[in-house]
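no sequence on this one, just coordinates:
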Ligand SMILES: NC(=O)c1ccc[n+]([C@@H]2O[C@H](COP(=O)([O-])OP(=O)(O)OC[C@H]3O[C@@H](n4cnc5c(N)ncnc54)[C@H](OP(=O)(O)O)[C@@H]3O)[C@@H](O)[C@H]2O)c1
């Protein structure tokens, strides 16, 4: 080993960091919260289901981590401002914001009701914009450098039948990541995104476990869907100082799924 080489545990360490994670009541957000706390961050979990948040925060606490929760709808800017206030009061200024809350809706363009379209865009696209802005404003006001991570999707890059609104929203998240990264780079705020392939969570479990879903799984290059913990490394990379020279990037992590389109 070369002298002075850093150790992985130090490079990816989140000690002293304050994280606020949306969509932390299940799936990927729950996992991100656990991983952030296990690596030293103080974590404020947010989502709408308070009972779930309470349970997860308690579990993190039992494991020796620092976590609290605040129930808020990610599409409610005033509610989210209160969540940031609560994080600040308990742990200090949030310097790791994870814009992860999201929903998926199938629906043909020709048939999707307007209210369903607007609901999806409000959460999957608009909330990423407004919540990330709130996070960055507070980092700037506190003169703190920080990181923002958005959960995009491979749906930003490929299309599948009947999920156009989701494709649109996630493509917007990738562009937001680039544009906002450029805007706040001089403020020492980095903005990156994770674009996962299919990871089994509440958002898709029913389909992925169906006979059709299982058949599709076998056609994937690595012949398996992901588990939430498959994203641990990418999450820690983007959250920590390990990615200190990265901004505006979207990392695809999908077992090769996007490569298989047309092959
Ligand atoms: N699983 C995948 O295959 C996959 C792949 C690519 C990208 N993604 C993205 O990953 C993110 C997390 O999804 P997931 O797979 O972990 O699904 P999930 O288990 O269904 O989690 C979605 C989370 O978002 C929260 N949420 C939903 N509506 C909300 C709202 N209006 N305000 C605040 N929170 C809200 C939910 O909590 P409450 O219901 O308690 O509010 C839940 O915590 C999403 O952005 C999704 O698009 C998932």
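That came through, no problem. Because the structure is predicted, anything quoted here is derived from the model rather than measured. Numbering: from 1, shown residues only.

Point out where the chain drops to low pLDDT.
1-2 (pLDDT under 70).

What parts of it come near the ligand?
22-29, 47-49, 52, 73-75, 100-104, 123, 151, 153, 196, 198-199, 201-204 (C-beta under 6 Å from any ligand atom). C-beta here means a position set from N, CA and C on the backbone, and glycine is covered the same way.

Any of the residues you listed buried? List them.
22-29, 47-48, 52, 73-75, 100-102, 104, 123, 151, 153, 196, 198-199, 201, 203 (16 or more other C-beta atoms under 10 Å).

Mind checking which of those land in strands?
Using DSSP state E, the subset of those located in strands is 22, 47, 151, 196.

right, and the third one touches residue 104 too?
No - the pair formed by residue 151 and residue 104 falls short of the contact definition of C-beta atoms under 8 Å, at 11.9 Å.

sorry, back to before: report the two of the ones in strands among the buried ones among the residues of the chain next to the ligand separated the most.
47 and 196 (18.1 Å; C-beta to C-beta).

For the ligand, what is the nearest residue in the stretch 51-200 of the chain?
residue 102 (2.1 Å; C-beta to the nearest ligand atom).

Give me the spatial nearest neighbour of that residue, chain neighbours excluded.
residue 124 (5.0 Å; C-beta to C-beta, 6 or more residues apart in numbering).

What's the local residue count around the one you found?
28 (other C-beta atoms under 10 Å).

Would you check that it makes contact with residue 173?
Yes - under the criterion of C-beta under 8 Å, residue 124 makes contact with residue 173 at 7.3 Å.

so what does the host helix or strand of residue 172 touch, helix or strand wise?
Using DSSP states H and E, residue 172 sits in helix 164-184. Helices and strands touching helix 164-184, as assessed by 3 or more C-beta pairs under 8 Å, 6 or more residues apart in numbering; DSSP states H and E, comprise helix 114-121, helix 127-141, strand 146-151, strand 189-196.

now the last one against strand 146-151, angle please.
Strand 189-196 runs at 20 degrees relative to strand 146-151, counting by axes from the mean of the first three to the mean of the last three C-alpha atoms, to 10 degrees.

what's strand 189-196 packed up against?
Strand 189-196 packs on helix 127-141, strand 146-151, helix 164-184, helix 232-239, strand 250-253, going by 3+ C-beta pairs under 8 Å, 6+ apart.

Give me whichever of these is most buried.
Comparing these by mean neighbour count (mean count of other C-beta atoms under 10 Å), strand 146-151 comes out on top with a mean of 27.

ok, residue 109 - contacts?
residue 164 (C-beta atoms under 8 Å, 6 or more residues apart in numbering).

To clarify, my last question referred to residue 203.
Going by C-beta under 8 Å, 6+ apart, the list of residues near residue 203 reads 27, 102, 103, 104.

Return the residues in contact with the closest residue to the first one other than its chain neighbours.
Which is residue 27. Nearest residue to residue 27, sequence neighbours excluded (C-beta to C-beta, 6+ apart): residue 201, at 3.2 Å. Contact partners of residue 201, counting by C-beta under 8 Å, 6+ apart, are 26, 27, 28, 228.

Tally up the residues packed near the closest residue to residue 172 other than its chain neighbours, please.
When the adjacent residues along the chain are set aside, residue 172 lies closest to residue 125, with 4.6 Å between them (C-beta to C-beta, 6+ apart). Using other C-beta under 10 Å, the number of residues around residue 125 comes to 21.

isn't residue 93 right up against residue 142?
Yes - if you go by C-beta under 8 Å, residue 93 and residue 142 touch, sitting 4.0 Å apart.

and those two? which has more neighbours close in?
Taking neighbours as other C-beta under 10 Å, residue 93 and residue 142 compare with residue 93 leading, 17 against 14.

could you measure the nearest residue to residue 112 once chain neighbours are set aside against residue 47, distance?
Spatial nearest neighbour of residue 112, excluding adjacent residues (C-beta to C-beta, 6+ apart): residue 165 at 6.4 Å. Going from residue 165 to residue 47 by C-beta to C-beta, to the nearest Å gives 21 Å.

circling back: isn't the residue nearest to residue 112 up against residue 108?
No - Residue 165 is beyond contact range of residue 108, at 10.1 Å (criterion: C-beta under 8 Å).
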